[in-house]
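K.L.:
pasted the sequence and its predicted model underneath.
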Amino acid sequence: MTTFVLIHGSYQGGWIWQKVAKQLAAQGHEVHAPTLDGCAERSGLLRAGITVESQAAELSRFLYYQDLNDAVLVATSSGGMVMARTAEITRERVGRLVFADALALRHGEAVNDIVTRPAAVTTELALGPTREDAEGRMFASLEPGLRTWAAERCTLHPIAVHTQPVQLDSFWSDSWDTAVIYCQQAPNPGEAHQRRCAETLGARWHELDTGHYPMLSASEALTQLILTG
């Protein structure tokens, strides 16, 4: 049995991993898909000061209090930064990393350095899509029922996660058992960004012919890549 911790991206929550989580659990694995601070069902707690580092610190405590060891961390989209920081500060509990069409920022970079498309909604505390933007752009390639289901669950994301430079003191100089999964139909974060990650970490490279939400559009194929690494 392997322990998996699935880390969501912007405008999402643990809900986005439902299909993959069920498929991994059906094969006898322990699966966790926590919702990060200020997101989804925790969006009522949105406040100033939620950053990549604070979300990673909370996830690190989650690993500790759940007694999770040799865990496989799997992240998508902006969750890639949270995963990297969590791995850096909780090295002893991490067995393997999977970047699933995920951002892999260097120390001092911010999401806005890589993803330049402006958010449809921006407030003092958060940013994100409108319902129309979620359905018409983000999830446009999904079948109608799934598209509506996902769009209904989108929430704004803590703004500092996107705008503040990430702090990664040792992640990129450490040695990690890593896989990078590039989604060919996704314009962001893009192939060049993910190849930089794979080449720097000496990671295994995989590709899926799908969009930025493979856990929704290609869950079985993604699950298999997560299992095999």
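P.N.:
On my side now, so go ahead.
K.L.:
and the helix or strand where residue 86 lies, what other elements does it pack with?
P.N.:
Per DSSP states H and E, residue 86 falls inside helix 79-89. Packing partners of helix 79-89 (3 or more Cβ pairs under 8 Å, 6 or more residues apart in numbering; DSSP states H and E): strand 3-7, helix 52-65, strand 71-77, strand 94-102. For the C-beta atoms, the positions are set from N, CA and C on the backbone; glycine is no exception.
K.L.:
switch the cut-off to 10 Å
P.N.:
Other helices and strands packing on helix 79-89, by 3 or more Cβ pairs under 10 Å, 6 or more residues apart in numbering; DSSP states H and E, are strand 3-7, helix 52-65, strand 71-77, strand 94-102, helix 159-163, helix 191-201.
K.L.:
C-alpha coordinates for it, PDB please?
P.N.:
Provided in PDB are the C-alpha atoms of helix 79-89 (Å, rounded to 0.1, in the frame of the first residue of the first chain):
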ATOM      1  CA  GLY A  79      -0.500  23.300  -6.100                       C
ATOM      2  CA  GLY A  80       3.000  22.500  -7.500                       C
ATOM      3  CA  MET A  81       4.500  25.400  -5.500                       C
ATOM      4  CA  VAL A  82       2.700  24.200  -2.400                       C
ATOM      5  CA  MET A  83       4.000  20.700  -3.000                       C
ATOM      6  CA  ALA A  84       7.600  21.900  -3.500                       C
ATOM      7  CA  ARG A  85       7.600  24.000  -0.300                       C
ATOM      8  CA  THR A  86       6.000  21.200   1.700                       C
ATOM      9  CA  ALA A  87       8.600  18.700   0.500                       C
ATOM     10  CA  GLU A  88      11.400  21.100   1.300                       C
ATOM     11  CA  ILE A  89      10.300  21.600   4.900                       C
END
